[in-house]
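Undergrad: Build the 3D model from these lines:
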Amino acid sequence: MDIIKTNQLTRKFDDFTAVDDISFSVKKGEIFGFLGPNGAGKTTTIKMLTTLLYPTSGSASIAGHDIIKERNDVRQNIGVVFQEPALDIELSGKENLDYHARMYNIPREKRKERIKDVLQLVDLENKQDTFVKFYSGGMKRRLEIARGLMHSPVVLFLDEPTLGLDAQTRRAIWQYIRKMNKEEQTTIFLTTHYMDEADYLCDRIGIIDHGKILVMDSVSNLKTSVGNDLITLSSTNMGDLIKRLEKESWIKKLKNQDNFLTLYVEKGDEKIPLIIEIAQKLSIKIKSISVRKPTLDDVFLSYTGRTIRENNGKVNPKDMIHPRFHRG
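TA: Numbers count the residues shown, from 1 in each chain. So this is what the prediction gives:
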């Protein structure tokens, strides 16, 4: 069952097209990763899906509700954790959750029960009465995730949920995301600049660049699509070697970057002796050579022609919400 559906969704800002005619779906209960470099259209897409921004054209629905015609119904079915913190640091963790629950008109007894459940889910029970201004960065992110779950949404949008956190805290958040996906049966729509995060968490991934979706598939299929193995080498007379290797049909793809040549092949271990033999016949010296399995970084590079960049908390001006678009 598809919980999110988009059809030719487009968003323009004057003469700039931030999201360009995209169509995709997300299955109920999956963790879906939405990847792209800065300015690719990720945040604009999320803002349309969460009713914060009207599309220029096209349509989308969440849990069967149209994002334009049934905005309130959409909002009842989603939770959102944006990059920028939105907690009241002068309130305790419990008070932040209670305030959020009141906005959704959750009855008092149900609020108390739900607060207890989500605090337990993100392991903040012992800190519920502590003012948020005394929370660490990781604790704040966990509280924001808990707040997004207060009204039991069917879809939770996580926009860079671990940005700026240390490696240990990031991995702890991953565990909470997986836990709520399993225990709450919550569909997760995740954007991230961390390839290891997407690899660990996501069932499927879509890559967007320049407002268009380039590819969408499972993590394993995406890795296979760029070649079963990657051979990376450096040599003398790189230009001559490239011309010769381009004639070999067993090389799926060839990339030359930063004086290193990367070959996308099957059975990489068996191809190394062949490459060395070809180089020797051309009197070319192989300086270094190695083989490995493809990663999501390789997938991203293969489809976009560049590596993904961390945005360091910067927001693309095209992703900012103009007041006239936010109509409540």
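
Undergrad: What helix or strand is Leu233 located in?
TA: strand 229-235 (DSSP states H and E).

Undergrad: what about dumping the CA coordinates of that strand to PDB?
TA: The C-alpha trace of strand 229-235 is given here as PDB (Å, rounded to 0.1, in the frame of the first residue of the first chain):
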ATOM      1  CA  ASP A 229      32.800  -4.200  -7.800                       C
ATOM      2  CA  LEU A 230      34.800  -1.000  -8.100                       C
ATOM      3  CA  ILE A 231      38.500  -1.000  -9.100                       C
ATOM      4  CA  THR A 232      40.400   2.200  -8.300                       C
ATOM      5  CA  LEU A 233      43.900   2.700  -9.700                       C
ATOM      6  CA  SER A 234      46.500   5.300 -10.500                       C
ATOM      7  CA  SER A 235      49.200   5.000 -13.200                       C
END
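
Undergrad: For Cys202, give its distance to Asp217.
TA: As judged by C-beta to C-beta, to the nearest Å, Cys202 and Asp217 stand 11 Å apart. Just so you know, the C-beta spots here come from the backbone N, C-alpha and C atoms, and that holds for glycine as well.

Undergrad: One more: Arg292?
TA: If you go by C-beta to C-beta, the gap between Arg292 and Asp217 works out to 21 Å.

Undergrad: Which of these two has more residues huddled nearby?
TA: It is Asp217, of Arg292 and Asp217, that has more neighbours when counted by other C-beta atoms under 10 Å, with 15 against 11.

Undergrad: This structure - how does it break down into domains?
TA: Following the assignment in automatic domain parsing, the chain carries domains at 2-77+153-222+309-325, 227-293.

Undergrad: Can you tell me which of those domains is most buried?
TA: domain 2-77+153-222+309-325 (a mean of 18; mean count of other C-beta atoms under 10 Å).

Undergrad: what is the mean pLDDT for that domain?
TA: In this model, domain 2-77+153-222+309-325 has an average pLDDT of 87.

Undergrad: Same question for stretch 80-95.
TA: Rounded mean pLDDT across stretch 80-95 is 90.

Undergrad: Met195 is in contact with Asp298, isn't it?
TA: No: applying C-beta atoms under 8 Å as the test, Met195 and Asp298 come out as separate, 9.2 Å apart.

Undergrad: next structured bit after the longest helix along the chain?
TA: If you go by DSSP state H, the chain has its longest helix at helix 167-183. Once the chain leaves helix 167-183, the next helix or strand it forms, by DSSP H and E, is strand 187-191.

Undergrad: List the strands paired with that next one, with their directions.
TA: strand 31-35 (parallel), strand 155-159 (parallel) (DSSP bridges).

Undergrad: Switch these over to TSV; also include distance to Lys255.
TA: TSV is the format used below for those (distance: least, C-beta to C-beta, whole Å):
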stretch	distance to Lys255
strand 31-35	19
strand 155-159	30
